[in-house]
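Novice: Give me a 3D structure for the following:
(one chain, ligands or ions: 2)
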Amino acid sequence: MNKIEHIGIAVKDMQAAKNIYELLLNTVVYKTEEVPSEGVKTAFLQSGPNKIELLEATSADSPIAKFLEKKGEGIHHIAFDVDDIVAEMARLKEAGFVLLNDKPKRGADNKLVCFVHPKSAGGVLVELCQEARAPQPLKGEQKG
Ligand SMILES: CC[C@H](C(=O)O)C(=O)SCCNC(=O)CCNC(=O)[C@H](O)C(C)(C)COP(=O)(O)OP(=O)(O)OC[C@H]1O[C@@H](n2cnc3c(N)ncnc32)[C@H](O)[C@@H]1OP(=O)(O)O
Ligand SMILES: [Co+2]
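Specialist: Ligands and ions are numbered 1, 2, ... in the order given. The predicted structure is shown next:
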């Protein structure tokens, strides 16, 4: 685990949350991205070396919708940057942590991600993030 990659915050109304966090952090959202597979719309803000990920549900069965129903708006998860997500997943699984996906999956902001069940991590939903590397050209393939 290299560093905190982002803090995920569940919000009901993305525009209202953007207004609050842009004012609070004195910066502007640098990226918005929908992740249909997660049923979320995300917006990212950078504050120094730290990133905030605002998350709004895009479907009723989204993990964010369920979280908001149960707990209301607030911190949803902590994401950590890792160099090798497959190796980290194997290490954590070996150590007895419950992983919520058995293979890395596509996240936002060009990441491969995996989640650790909050019950395994002291009540905190933890996300592992590895920068998704561009596919390497096949040997002999012309670079575009
Ligand atoms: C990937 C795109 C983007 C990115 O960064 O790239 C994202 O971060 S997307 C973020 C949204 N996606 C996810 O959260 C995927 C992983 N989450 C899940 O699989 C579920 O949300 C899960 C398993 C954490 C909870 O599932 P569910 O809500 O269906 O179960 P329960 O409500 O029964 O919860 C079980 C138990 O866990 C507690 N809980 C739930 N969510 C959280 C949370 N975010 N932090 C801490 N604890 C959480 C919940 O209260 C239950 O505990 P209990 O004591 O039984 O009440
Ligand atoms: Co996240």
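
Novice: For the rest of this, base every contact and every neighbour count on C-alpha atoms.
Specialist: OK.

Novice: what residues does the protein put near ligand 1?
Specialist: 35, 38, 63-64, 66-67, 76-77, 100, 107-108, 115, 117-118, 123-125 (Cα under 6 Å from any ligand atom).

Novice: So which of the residues you listed sit within helices?
Specialist: Using DSSP state H, the members of these that fall within helices are P63, I64, K66, F67.

Novice: Sort out which of the residues of the chain next to ligand 1 are buried, if you could.
Specialist: Neighbour-count burial (16 or more other Cα atoms under 10 Å) applied to the residues of the chain next to ligand 1 gives E38, P63, I64, F67, H76, H77, G107, A108, F115, H117, P118, L125.

Novice: Now distance to E5 and pLDDT too, for the residues you listed, in a markdown table please.
Specialist: Formatted as a markdown table, those follow (distance: Cα to Cα, whole Å; pLDDT from 0 to 100):
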| residue | distance to E5 | pLDDT |
| --- | --- | --- |
| E38 | 18 | 94 |
| P63 | 20 | 97 |
| I64 | 19 | 98 |
| F67 | 21 | 98 |
| H76 | 14 | 98 |
| H77 | 11 | 98 |
| G107 | 12 | 95 |
| A108 | 12 | 95 |
| F115 | 13 | 98 |
| H117 | 18 | 98 |
| P118 | 18 | 98 |
| L125 | 14 | 98 |
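
Novice: Adding distance to I20, write those residues out as CSV.
Specialist: Formatted as CSV, those follow (distance: Cα to Cα, whole Å):
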residue, distance to I20
E38, 24
P63, 23
I64, 19
F67, 20
H76, 17
H77, 19
G107, 24
A108, 22
F115, 27
H117, 29
P118, 27
L125, 24
